[in-house]
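1. Return atomic coordinates for the entry below.
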Amino acid sequence: MAAKKIKKDSEKVCETFEVSDGKTEKEKIVCGDLQNKHSSKKQMKQFNKTLGIILIVLIVLTALFFSIYYITKYTAKIDYKGTEFTKIKQGQVTFYHTTIPSVIEGKKIEYNIYLRNNPNDLAKRINLNDTIKWRNLIVLNISQRYPECDGDDVISEANINQVLKTGMGLTVGKDEKAGCDAQGRYMYIELDQGNKTQIEKFGPSCYKLEFNNCEILPVTERILIEAIAEYNKNSQK
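-> Predicted coordinates for the structure are as follows:
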């Protein structure tokens, strides 16, 4: 059996020198063993520590990058007619948040409003052929319920009352027997199901909010973003 070669902890190194006796020059080769140097335990410990710090810094930078990415993605600013909305992602639900100056119980506050739809998308999708004629008195005719729409009719009615009544201080009443006032003494809003999601004006200050495919929130929020924009514009005067 052939003997196993033992791996030496050194390597052979040779160097060539020019040697002269005054008359001629000769080359002389000198060889020797060069010992391999190994890192000490202290050096290895320091190396591992430095490597660990570099990895931690890379992890922190990566986490920071993704944090900024997701904050930018899910918390975006949207402007609609001078009113700024902030897009907020909470779980699977997206809200569009803004505030309006309000007075509640004699105290001036910034009243919070949360919508479910992008105001700019609503404006593009649900057209308004005329400027909304707002009145201090608003009469709602929301008589029918739509259980197939997962409660969006209830949420929409609550939103109308919260924004127009609580936030803006307008008088909002509900009368299922009321109709459009030909003299425009009050604003009349009617919600009904139809073949298309749209807002139809049919009197001095009378509006039919028609929705299709359970788009109750979009059509009611469409008229609310106009109210918010008009209210903020008047509040700055």
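2. Please enumerate the strands of the chain.
-> Per DSSP state E, the chain carries strands over the ranges 10-20, 25-35, 77-80, 83-90, 93-104, 107-115, 137-141, 171-174, 187-193, 198-203, 206-211.
3. Quick check: which of the ones you listed is buried the most?
-> Per-stretch averages of neighbours, counted by mean count of other CB atoms under 10 Å, single out strand 206-211 among the strands of the chain, with a mean of 22. For the C-beta atoms, the positions are set from N, CA and C on the backbone; glycine is no exception.
4. related to what we said a few turns ago, please name whichever of the strands of the chain is nearest to residue 148.
-> Minimum separation from residue 148 across these (CB to CB) falls at strand 187-193, 10.2 Å.
5. now for that closest one, which elements pack on it?
-> Contact here means 3 or more CB pairs under 8 Å, 6 or more residues apart in numbering; DSSP states H and E; on that basis strand 187-193 packs against strand 137-141, helix 152-160, strand 206-211, helix 216-235.
6. Kindly reformat the ones you listed as CSV containing mean pLDDT.
-> Converted to CSV, those look like this (pLDDT from 0 to 100):
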stretch, mean pLDDT
strand 137-141, 95
helix 152-160, 93
strand 206-211, 96
helix 216-235, 95
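7. Go through these and pick out the most buried.
-> Highest mean neighbour count of the helices and strands packed on strand 187-193: strand 206-211, a mean of 22 (counted as mean count of other CB under 10 Å).
8. List the neighbouring strands of that one plus their orientation.
-> Here strand 206-211 has these sheet partners by DSSP bridges: strand 187-193 (parallel), strand 198-203 (antiparallel).
9. wait, which of these is closest to residue 60?
-> strand 198-203 (50.5 Å).
10. Relative to the whole chain's centre, how far out is the closest one?
-> Strand 198-203 sits 33 Å away from the centroid of its parent chain (CA atoms, centre = their mean, to the nearest Å).
11. What is the neighbour count of residue 205?
-> 20 (other CB atoms under 10 Å).
12. so it touches residue 133, yeah?
-> Yes - between residue 205 and residue 133 there is a contact at 4.1 Å, judged by CB atoms under 8 Å.
13. Could you pull up the residues touching residue 98?
-> Counting by CB atoms under 8 Å, 6 or more residues apart in numbering, residue 98 touches 83-86, 113, 115, 228.
14. Which residue or residues pair with it through a beta bridge?
-> If you apply DSSP bridges, the partners that residue 98 bridges to are residue 113.
15. please begin residue numbering at 825 from this point
-> Fine by me, first position is 825 from now on; the one you just mentioned is residue 922.
16. That one and residue 1049, how far apart?
-> From residue 922 across to residue 1049, the span is 9 Å (CB to CB, to the nearest Å).
17. Overlap of the contact sets of the two?
-> Shared contacts of residue 922 and residue 1049, counting by CB under 8 Å, 6+ apart, come down to 907, 939.
18. returning to that earlier point: quick one: closest of the helices and strands packed on strand 1011-1017 to residue 1004.
-> Nearest of those (CB to CB): strand 1030-1035, 3.6 Å.
19. do you know which of the strands paired with strand 1030-1035 lies nearest residue 916?
-> So among the strands paired with strand 1030-1035, strand 1011-1017 is nearest, using CB to CB, at 26.4 Å.
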